[in-house]
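Visitor: Next one to model:
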Amino acid sequence: MVQIGKNVRYDDYGRVTIPAQLAELLNLEKGMDEVCWSIEEGKAVIFKVTKSYNGFDFEKDEIKDNLLEYERRYLDESPNEDLSSEEIEARAHEEYQKDQERRAELIKAKRN
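Guide: This is a model prediction of the structure:
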């Protein structure tokens, strides 16, 4: 799994926007296409509603190819650090704790 586009915020109206890169990979056309949201193993999943032609979903296959190509490019460009799994986990946990502290401060400030 690779991240596509920048992180987006959940806005005051209860909405999130789809990053332009994801819309492009899904071949979305404004005002024409629909997307569907679901939850799978605790993760939000979004997919384009596509049409089947006698059991063949050519558009779904094209989108799958787009995403696989994007993943290949992303993985080729990602830095390759030589860290142990324990070091990676320790760094991740430290970053998580900092984010939790910042989040608590923001929530407190918003309530005051």
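Visitor: three-state assignment of Leu83?
Guide: Put simply, Leu83 is coil when judged by DSSP: H, G, I helix; E, B strand; the rest coil.
Visitor: so where's the protein uncertain?
Guide: 75-81 (pLDDT under 70).
Visitor: can you give me the helices for it?
Guide: Using DSSP state H, the helices of the chain run over residues 20-25, 58-77, 85-111.
Visitor: what about the longest one, distance to the chain center?
Guide: Right, helix 85-111. Helix 85-111 sits 20 Å away from the centroid of its parent chain (C-alpha atoms, centre = their mean, to the nearest Å).
Visitor: Likewise for the second one?
Guide: When distances are taken as C-alpha atoms, centre = their mean, helix 58-77 is centred 14 Å away from the chain's centroid.
Visitor: CA-only coordinates of that helix in CSV, if you can.
Guide: Taking C-alpha atoms only, helix 58-77 is exported to CSV below (Å, rounded to 0.1, in the frame of the first residue of the first chain):
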residue,chain,number,x,y,z
PHE,A,58,-12.4,-3.4,-18.4
GLU,A,59,-12.4,-0.1,-16.5
LYS,A,60,-11.6,-1.8,-13.2
ASP,A,61,-8.7,-3.6,-14.9
GLU,A,62,-7.4,-0.3,-16.3
ILE,A,63,-7.6,1.3,-12.9
LYS,A,64,-5.8,-1.6,-11.3
ASP,A,65,-3.0,-1.3,-13.9
ASN,A,66,-2.8,2.5,-13.2
LEU,A,67,-2.4,1.8,-9.4
LEU,A,68,0.2,-0.9,-9.9
GLU,A,69,2.3,1.4,-12.1
TYR,A,70,2.0,4.2,-9.5
GLU,A,71,3.1,1.7,-6.8
ARG,A,72,6.1,0.6,-8.9
ARG,A,73,7.2,4.3,-9.4
TYR,A,74,6.7,5.1,-5.7
LEU,A,75,8.6,2.1,-4.5
ASP,A,76,11.5,2.9,-6.8
GLU,A,77,11.7,6.4,-5.4
